[in-house]
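*Asks:* the following block contains a protein sequence and its predicted model.
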Amino acid sequence: MRKIATFLVGTLIALPGIAHAAQPCLTPAEASSLAAYALPAAITGTTKRCAATLAPTAYLRKSGAELATRYSARKAQNWPQARAAFFKIGGTKQNESSDLLNQLPDPSLQQMLDAIIEGMVAQEIPAAKCGEIDRIVGLLAPLPAQNTANLIAVVIGLGSKTGKAATDKFAICKS
């Protein structure tokens, strides 16, 4: 779970042109919304990356596309907080790229983010990890999308509290 959380967050904040601030904090709700928004694209990218290395009976090969579609059902509801969180972890430094991204209409920004998340996931996952990831995704699949996103946020938050953060790009704000 920690690997998935780290990878998901890393993918979101590696977008070009966004300046990184010194580890901002996200509320649990912001982290959950960001994870929920990104999960469908991350699952699609993982499915594409791992399809060739997984057995025909593997969860991602059989049900990855269906899971991504099911998880997409609440993207619109998660978008406002996910958008705010995306810009929050991107930093506060204004530059030409961040200004341009901020001015994009939501559908264009969403399409760009989805393509980048999916592409980065597909490119960055080591093929040797596909079996482990398939097993984790299969175990999480029965959960509603929001529960999975909340679980990712909890894992990140636990790491923030122990000093062994799942990501060094942001922390969960202390309440």
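*Replies:* Sure, I can see it.
*Asks:* for the rest of this, base every contact and every neighbour count on C-alpha atoms.
*Replies:* Noted.
*Asks:* distance of Gln110 relative to Leu67?
*Replies:* To Leu67, Gln110 is 19 Å away according to CA to CA, to the nearest Å.
*Asks:* between these two, which has more neighbouring residues?
*Replies:* The residue with more neighbours, out of Gln110 and Leu67, is Leu67; 21 against 18, by other CA atoms under 10 Å.
*Asks:* that's a helix at the more buried one, yeah?
*Replies:* Yes. Counting by DSSP: H, G, I helix; E, B strand; the rest coil, Leu67 is found in a helix.
*Asks:* I figured it hits Ala141, correct?
*Replies:* Yes. Counting by CA atoms under 8 Å, Leu67 does reach Ala141; the two are 7.0 Å apart.
*Asks:* now the helix ranked longest in the chain: average pLDDT?
*Replies:* The residue-count maximum for a helix in the chain (DSSP state H) belongs to helix 28-50. Rounded to a whole number, the mean pLDDT of helix 28-50 is 95.
*Asks:* any weak-confidence spans in the chain?
*Replies:* 1-23, 91-98, 159-170, 175 (pLDDT under 70).
*Asks:* could you pull out the helices in it for me?
*Replies:* Under DSSP H, the chain gives helices at 2-13, 28-50, 59-72, 75-90, 96-103, 106-124, 130-140, 145-162.
*Asks:* the inter-axis angle of the second one versus helix 106-124?
*Replies:* Our comparison of helix 28-50 with helix 106-124, counting by axes from the mean of the first three to the mean of the last three CA atoms, to 10 degrees, yields an angle of 50 degrees.
*Asks:* quick one: helix 28-50 to helix 145-162, angle?
*Replies:* Between helix 28-50 and helix 145-162, the angle comes out at 110 degrees (the same axes, to 10 degrees).
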